[in-house]
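Engineer: Mind folding the following:
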Amino acid sequence: MTPIDTTRAQAIDGWMSEEELQWLGSRAGESDRLIEVGCFLGRSTVVLAEHVRCQMYAVDPWEKSWEKEVQGTHAQPHHFVQRHPNRYQEFLTNTQDFWQAGKLSVFRGALKNLPVGNVDFVFIDGSHLAENVREDIREGFLRLRSGGLLAGHDYGYASWPDVKRVVDRIFREKVTNPVGSIWAVQV
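Structural biologist: Residues are numbered from 1 along each chain as shown. Here you go, the predicted structure:
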């Protein structure tokens with residue numbers, strides 16, 4: 001794998017590790033069109049947008065309700081939320097050059113409402129609650145071209161047990177864990 005420069009992405013608060021950012025950049029470089037579900041401040045979005053060949057769609061509601069999901073899990077997400085009360089505006093600032101150039105389309109809402117399909121890669125890192133993980137997987141799968149890649153974050157992460165439980169239940173032995181807490185399935 002050719003090294004991916006993740007300097008810009010790492011300057012943005014988020015949970016994606018260097019190794020995971022490298023993997024994302026490499027997969028984006030193999031994709032003409034991709035969708036990212038759950039963008040927070042844009043750490044992973046930046047790497048994806050830097051390397052996707054044509055077009056990227058960023059989907060996130062950027063709602064305050066997410067704060068309830070992270071409270072009581074562990075300190076880091078809760079502190080990130082407290083430090084960034086205007087997440088949507090920060091995301092737009094962090095990704096401004098991509099959406100101004102037309103390489104990134106920002107969609108504030110749920111994946112089920114995104115009227116885009118036939119993409120090469122869908123990356124899911126939205127809500128980590130079981131019913132939401134199931135819905136994002138279902139909706140992501142519907143938007144993939146045949147042979148596309150469906151992947152997500154926080155697989156096997158103790159604070160988000162629903163992610164692994166749901167992914168394993170749906171994909172069984174087809175799921176791989178290529179790096180860190182990323183899960184992936186070629187469809």
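Engineer: contacts, neighbours, all on C-alpha from now
Structural biologist: Fine.
Engineer: Check which helices and strands the longest strand anywhere in the chain is in contact with.
Structural biologist: For the chain, the strand reaching the highest residue count under DSSP state E is reported as strand 144-152. Contacting strand 144-152 under the criterion 3 or more CA pairs under 8 Å, 6 or more residues apart in numbering; DSSP states H and E are the following elements: strand 119-124, helix 130-143, strand 182-186.
Engineer: what's the burial count for residue 175?
Structural biologist: Other residues near residue 175 come to 17 when the count uses other CA atoms under 10 Å.
Engineer: separation between it and residue 151?
Structural biologist: Look at residue 175 and residue 151: by CA to CA, to the nearest Å, they are 9 Å apart.
Engineer: By mean pLDDT, which helix or strand of this structure comes out lowest?
Structural biologist: Lowest by mean pLDDT, DSSP states H and E among the helices and strands of the chain is helix 66-70, with a mean of 53.
Engineer: rewinding a little: mind listing the shared neighbours of residue 175 and residue 151?
Structural biologist: 183, 184, 185 (CA atoms under 8 Å, 6 or more residues apart in numbering).
Engineer: And the helices in the protein?
Structural biologist: In the chain, the segments counted as helices under DSSP state H are 7-10, 18-28, 43-51, 66-70, 75-83, 87-100, 130-143, 161-171.
Engineer: Can you tell me which of those is most buried?
Structural biologist: Mean neighbour count (mean count of other CA atoms under 10 Å) peaks for helix 43-51 among the helices of the chain, with a mean of 25.
Engineer: Quick check: mean pLDDT of that helix?
Structural biologist: Average pLDDT, helix 43-51: 98.
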